[in-house]
Structures are given as C-alpha cells and as structure tokens.
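Asks: this one's structure only:
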C-alpha cells in the first residue's frame, strides 16, 4: 500500500498528464523487467554474465558470429520471444488510446511497446525481434529463424544479425534527430524504467526540461535525473504505478 505522499504524487501526475498537450515517454530496460526480460546493467543484469565489449560489440560479431550467437544471442532470442507486454507497457498504450501520449522513445529492443499498442515508437537501439541479412538486407522475425545451424543464414547464404545496435555502431541518425525534435516540442515527459546513464537517451529529459516541459520519473530508485532534471519521482514498480495513474485519469475523465 502506498503512503499518503505517494498517493498525492500519483494524483498530481494524473492531473499533470490530463492537462498536458504533448506528452512523450522515454523508457529503458526497467519497464520490461516485469515482462521477464532482465536488464543489461546493474544487479542481476546480463552484463554480469558476459563481457558486453566482447559479445555485444560489432567487431567481435563480424569476427566470430557463431560464438556470439551461442554465448549471447540464442539466450536473448529465447527470453524476448517469450516476453509479453506488462501493465506498464499497456498503461502507455492506454495513454495513447486516451489521446494523451503521442510518442514513445525507447532504449529497449524487445518490441513490447508496439505489441502493447503504441503506434509511434522510436527505437534508439533497434529491434531484436527482427534479424537482418548482412548480404542482401532481407529481414525475418527472430522466432522464424532456423537455428539448427549457427550462425543462422538467410536463403541467399548471408549471415543473419539482429536488427539492433551493437556496441561500436551508431544510433540511426534519423532516430536521434527525431527524438531531439520531439523532446524539444513536448510539454510533459514520462521517464519510465531507465537509469538515465546511457547517452544519448539520457539527454532527452534534459532537452525537454530545458524547453519548458515537466518531467515525471517512474522508477524503483532515484537516478541522476532525480531532484535536478525531473520535477518529481514516483518510486515503485512501473506496472503498478501506471495502473494507479490510469485509474486516476479515468476518474478525472468521468
């Protein structure tokens, strides 16, 4: 159960969301933990098990794709292919359905925002749900890939790679440009489940705040944004907090 302070903050968040004209959400790995996808960083993160600068670096993938598929990508495929949107994803989709949220900028590669129903999703790091052929650029869903041979191959004979950004690769410039524009134009940004440590995504709330937007954080713990960039922090699990915000909003709309 929430204390009075938290209940008041949830009511405040609902009122701020209802009053906003252009809302953007920035999401990170924390929003998908409740869907069974472990975070990359921090306690119990994926990077505790493997060296990211080896197995998640484009140079090593090109040198030894079989090793990367066996040690890293097969497990990721298994986890992501079984994951379903949780209440936090569904809450953001509900905000779009209520004509309150326009765009989701995400650091995640799991495709769960689209699965939940959000239609304008900027994927900073690409989407692991799809594979792309290194030779012909054909794409296929990762669940449809034949893993009887590692690394998996396209019908043209080329190697498949995830259609997501490895270390050592650039974030697609168009995604970065559009994120800057949207962050500058919004009047409220929800920051959900991100440590705010990874650039350039962590810069988006700063851009929004500097442009006059209100920043609401939803996180289980404080981040570098807390108390400086964000107006206030709703501390707890993203799914439960989003459910409470939606309930408050429905009461406002009634």
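Replies: Thanks, I have the structure now. The shown structure was predicted, so the numbers you read here are calculated from the model rather than taken from an experiment.
Asks: from now on I want contacts and neighbour counts done on CA atoms only, so please keep to that.
Replies: Will do.
Asks: now the strands for this structure?
Replies: Applying DSSP state E to the chain gives strands spanning 23-27, 101-106, 121-123, 126-133, 139-141, 160-164, 188-192, 214-219, 232-235.
Asks: domains for the chain, by residue range?
Replies: Listed domain ranges for the chain are 1-36+85-125+171-254, 38-82+129-164 (source: automatic domain parsing).
Asks: include mean neighbour count and mean pLDDT when you put the ones you listed into a markdown table, please.
Replies: Output for the domains of the chain, formatted as a markdown table (neighbours: other CA atoms under 10 Å; pLDDT from 0 to 100):
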| stretch | mean neighbour count | mean pLDDT |
| --- | --- | --- |
| domain 1-36+85-125+171-254 | 19 | 92 |
| domain 38-82+129-164 | 16 | 85 |
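Asks: give the contact list for residue 127.
Replies: Residues in contact with residue 127 (CA atoms under 8 Å, 6 or more residues apart in numbering) are 108, 109, 110, 111, 162, 163, 164.
Asks: the same query, at a cut-off of 10 Å, please.
Replies: 107, 108, 109, 110, 111, 112, 162, 163, 164, 165 (CA atoms under 10 Å, 6 or more residues apart in numbering).
Asks: which residues in the stretch 1-150 of the chain form helices?
Replies: Counting by DSSP state H, counting those that start in this stretch, the stretch 1-150 of the chain has helices at residues 4-19, 52-55, 58-63, 65-68, 74-82, 87-97, 112-116.
Asks: what's the fifth one in contact with?
Replies: In other words, helix 74-82. So helix 74-82 is contacted by 35-38, 46, 68-69, 73, 109-112, 128-130, 141-143, 147, 150-151, 162 (CA under 10 Å, 6+ apart).
Asks: quick one on the thing from earlier: residue 229 is nearest to which of the helices of the stretch 1-150 of the chain?
Replies: In terms of CA to CA, the element of the helices of the stretch 1-150 of the chain nearest to residue 229 is helix 4-19, at 15.9 Å.
Asks: so what secondary structure elements neighbour that closest one?
Replies: The criterion is 3 or more CA pairs under 10 Å, 6 or more residues apart in numbering; DSSP states H and E, and the helices and strands that helix 4-19 contacts are strand 188-192, strand 214-219, strand 232-235, helix 238-253.
Asks: at 7 Å what do you get?
Replies: With contacts taken as 3 or more CA pairs under 7 Å, 6 or more residues apart in numbering; DSSP states H and E, helix 4-19 sits against helix 238-253.
Asks: now do the helix it packs on against strand 188-192, angle only.
Replies: Counting by axes from the mean of the first three to the mean of the last three CA atoms, to 10 degrees, helix 238-253 lies at 150 degrees to strand 188-192.
Asks: returning to that earlier point: which among the helices of the stretch 1-150 of the chain is found nearest to residue 134?
Replies: Per CA to CA, nearest to residue 134 of these: helix 58-63, 9.8 Å.
Asks: centre of the chain to that closest one, how far?
Replies: Relative to its chain's centre, helix 58-63 lies at 25 Å (CA atoms, centre = their mean, to the nearest Å).
Asks: export the helices of the stretch 1-150 of the chain to TSV and tack on distance to residue 218?
Replies: Formatted as TSV, those follow (distance: least, CA to CA, whole Å):
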stretch	distance to residue 218
helix 4-19	10
helix 52-55	27
helix 58-63	32
helix 65-68	34
helix 74-82	23
helix 87-97	10
helix 112-116	16
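Asks: relative to residue 206, which of those helices is closest?
Replies: It's helix 4-19; of the helices of the stretch 1-150 of the chain, that one is closest to residue 206 (CA to CA) at 18.5 Å.
Asks: from the contacts of residue 127, pick the one nearest residue 180.
Replies: Distance to residue 180 across the contacts of residue 127 (CA to CA) is lowest for residue 107, with 14.3 Å.
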